[in-house]
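**Q** Show me how the following folds:
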Amino acid sequence: MPTDFSSFLRGWLTVAIFGTLGLLLAGLLLGLSALVRPKRPTVEKSMAYESGVDPVGDGWSQSQIRYYIFALLFVMFDVEAVFIFPWATQLERYAGFGLVEMGVFVFVLLLGLVYAWRKGVLRWV
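**A** Below is the predicted model of the structure:
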């Protein structure tokens, strides 16, 4: 038993060593590039870039929350597809229990969709 635990810890020690070396190397290279790069700040370099066109007006604008909610709904249903695909490929394995569980999962997501629809979130205006 102790040898199994020791080999387990040795495996994680290897991961920790490589992770630490990776972080040190990344930090070293970023620090080296900060020392070597040329530093010539100008007003043009600190201006906002708008596809080659001179910026007009203030660079800050407030976005409507509706766009963020729409994006979150898209991510939610995208994740639903990620969960449904493995279930659909192993449908025979899960049998009736899996069907009921997936039905509950889809029902809860459908409730969220109906709620968003009734709140008017899905209107793209």
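**Q** use CA for all of it now, contacts and neighbours both
**A** Noted.
**Q** Tell me who's in contact with Arg66.
**A** Neighbour list for Arg66: Val121 [criterion: C-alpha atoms under 8 Å, 6 or more residues apart in numbering].
**Q** centroid residue for this structure?
**A** Centroid check for the chain by C-alpha atoms, centre = their mean gives Val75 as the closest residue, at 9.5 Å.
**Q** and it, what pLDDT?
**A** Val75 is assigned 87 on the pLDDT scale.
**Q** do Gly96 as well
**A** On the pLDDT scale, Gly96 is placed at 89.
**Q** on that earlier part again, how close does the residue nearest to the centre of the chain get to Ile69?
**A** 10 Å (C-alpha to C-alpha, to the nearest Å).
**Q** Please apply the same query to Asp54.
**A** The spacing between Asp54 and Ile69, counted by C-alpha to C-alpha, is 31 Å.
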